[in-house]
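Peer 1: Generate coordinates for the sequence data below:
(one chain, ligands or ions: 3)
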Amino acid sequence: MPFDAHGFLIPGTRPAPRAVPTSIARPPYVGLAAPPAYVGDNTYTSAEVELIRAAGRIASGALDAVAEAVRPGVTTAELDRVAHEYVIAHGAYPSTLGYRGFPASSCTSVNEVICHGIPDNTVLREGDLVNVDVTAYLDGFHGDTNRSYRVGVVSEEVDQLIERTHEAMMRGIRAAKPGRAVNVIGRVIETYAKRFGYGVVRDFTGHGVGSSFHTGLIIPHYDSSPAYSDVIRPGMVFTVEPMLTLGTHEWDQWEDGWTVTTRDRSLTAQFEHTVLIHEDGFELLTVSE
Ligand code: MF3
Ligand code: CO
Ligand code: CO
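Peer 2: Ligands and ions are numbered 1, 2, ... in the order given. Model (predicted):
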């Protein structure tokens, strides 16, 4: 994803997929066209939650390491290398590598890229925005998280988009309480985003996560009511990962089959946590300590 004459991203040159030591266990989908179907109810025992938490801690630590590396002049491939090295140094597998053929250990989504950007030789410039999404797989469980970073000093518009996207995620998470339908999450996120006139991406969603990367449970980030009325229960684990834009929620996909951009090339930010639901609240499973 270098930049064209207008400053918009174009596909770049990708490094070879990174190696994972054979001592690290691979998720079952690696080498398959699609993952095996998940059978389960998206709730986990406390022992299983500890395994998701351990995976999530590694994914979060990888994002801490990426944060140290983000600066003007760095490539998205280098950010991916940092994430990859951190994940494997902690004995985990980077879940995106080989997931439905995805060729890298993280997704790096710059400026108008909504999600699923492929790390390449794109050199980040002062004022850019980059989202890095890392999922770690350890002892049979995944933890999935992403953050949007400022490259050097950014415009106030970009600064606020990043801040408010994080706030939107947290408001959605706080609304997730047992007995409510999952569509409460997107209702809260969309209501908040609309205050600022932001676009709310609809076609890429949060999801159940745990023993599978994507369990089939869908968590919309817009007001989908009365659809997506699965009831939130204690012990449930899923992601909340809103993508907000400075323009449209409509999107295009590159011929690489992955990279998703805003149709109007407006800037877009995202944050993601893997969340555990308790009787009386929630816990973030993708935190570093
Ligand atoms: N981590 C992303 C998510 O939040 C999924 C990326 S799938 C990939 O669900 F194949 F694009 F890496
Ligand atoms: Co996710
Ligand atoms: Co993710």
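Peer 1: Which helix or strand contains the closest residue to P94 other than its chain neighbours?
Peer 2: Distances taken as CB to CB, 6 or more residues apart in numbering place S105 nearest to P94, at 3.6 Å, with adjacent residues excluded. Backbone N, C-alpha and C define where each C-beta goes, glycine included. Using DSSP states H and E, S105 maps to neither a helix nor a strand.
Peer 1: right, and S105 touches V87 too?
Peer 2: Yes: contact criterion CB atoms under 8 Å: S105 and V87 qualify, at 6.6 Å.
Peer 1: Show me the common contact partners of these two, please.
Peer 2: Here S105 and V87 have 94, 134 as joint contacts, going by CB atoms under 8 Å, 6 or more residues apart in numbering.
Peer 1: Residue of the stretch 151-289 of the chain nearest ligand 3, please.
Peer 2: Closest contact between the stretch 151-289 of the chain and ligand 3, by CB to the ion, is at E272 (4.9 Å).
Peer 1: so what's that residue bridging to?
Peer 2: Beta-bridge partners for E272, by DSSP bridges, are N146.
Peer 1: Point out the residues in the chain that sit beside ligand 1.
Peer 2: For the chain, the residues in contact with ligand 1 (CB under 6 Å from any ligand atom) are 96, 99-100, 102, 107, 116, 133, 135, 144, 207, 239, 241, 258, 272.
Peer 1: In the residues you listed, which residue is surrounded by the most others?
Peer 2: Ranked by neighbour count (other CB atoms under 10 Å), the residues of the chain next to ligand 1 have T135 at the top, with 34 neighbours.
Peer 1: Am I right that that residue sits in a strand?
Peer 2: Yes: judged by DSSP: H, G, I helix; E, B strand; the rest coil, T135 forms part of a strand.
Peer 1: so what's it up against?
Peer 2: When contacts are counted by CB under 8 Å, 6+ apart, T135 touches 59, 94-96, 142-145, 209, 213.
Peer 1: again, but for W251
Peer 2: 114, 201, 203, 260-263.
Peer 1: Could you list the low-pLDDT ranges of this protein?
Peer 2: 1 (pLDDT under 70).
Peer 1: Give me every residue in it that's in contact range of ligand 2.
Peer 2: 144, 239 (CB under 5 Å from the ion).
Peer 1: What segments of this structure are helices?
Peer 2: Counting by DSSP state H, the segments of the chain that form helices are 46-69, 76-89, 156-175, 183-194.
Peer 1: Touching the longest one from outside, list them.
Peer 2: Contacts with helix 46-69, where a contact means CB under 8 Å, 6+ apart, come from 44, 78-79, 82-83, 85-87, 90, 92, 106, 132, 134-147, 149, 209-211, 235, 237, 274, 276, 284-289.
Peer 1: how about it as PDB, C-alpha atoms only?
Peer 2: Backbone C-alpha positions of helix 46-69 (Å, rounded to 0.1, in the frame of the first residue of the first chain) are rendered in PDB as follows:
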ATOM      1  CA  SER A  46     -13.600 -20.100  34.000                       C
ATOM      2  CA  ALA A  47     -10.700 -22.400  33.000                       C
ATOM      3  CA  GLU A  48     -11.400 -21.600  29.400                       C
ATOM      4  CA  VAL A  49     -11.700 -17.900  30.100                       C
ATOM      5  CA  GLU A  50      -8.200 -18.000  31.600                       C
ATOM      6  CA  LEU A  51      -6.900 -19.500  28.300                       C
ATOM      7  CA  ILE A  52      -8.600 -16.800  26.300                       C
ATOM      8  CA  ARG A  53      -7.200 -14.200  28.700                       C
ATOM      9  CA  ALA A  54      -3.700 -15.600  28.200                       C
ATOM     10  CA  ALA A  55      -4.000 -15.400  24.400                       C
ATOM     11  CA  GLY A  56      -5.500 -11.900  24.700                       C
ATOM     12  CA  ARG A  57      -2.700 -10.700  26.900                       C
ATOM     13  CA  ILE A  58      -0.200 -11.700  24.200                       C
ATOM     14  CA  ALA A  59      -2.200  -9.900  21.500                       C
ATOM     15  CA  SER A  60      -2.400  -6.800  23.700                       C
ATOM     16  CA  GLY A  61       1.400  -7.000  24.400                       C
ATOM     17  CA  ALA A  62       2.000  -7.200  20.700                       C
ATOM     18  CA  LEU A  63       0.000  -4.000  20.200                       C
ATOM     19  CA  ASP A  64       2.100  -2.300  23.000                       C
ATOM     20  CA  ALA A  65       5.200  -3.300  21.100                       C
ATOM     21  CA  VAL A  66       3.700  -2.000  17.800                       C
ATOM     22  CA  ALA A  67       2.900   1.300  19.500                       C
ATOM     23  CA  GLU A  68       6.600   1.800  20.200                       C
ATOM     24  CA  ALA A  69       7.400   1.200  16.500                       C
END
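Peer 1: I am finished for the moment; much appreciated.
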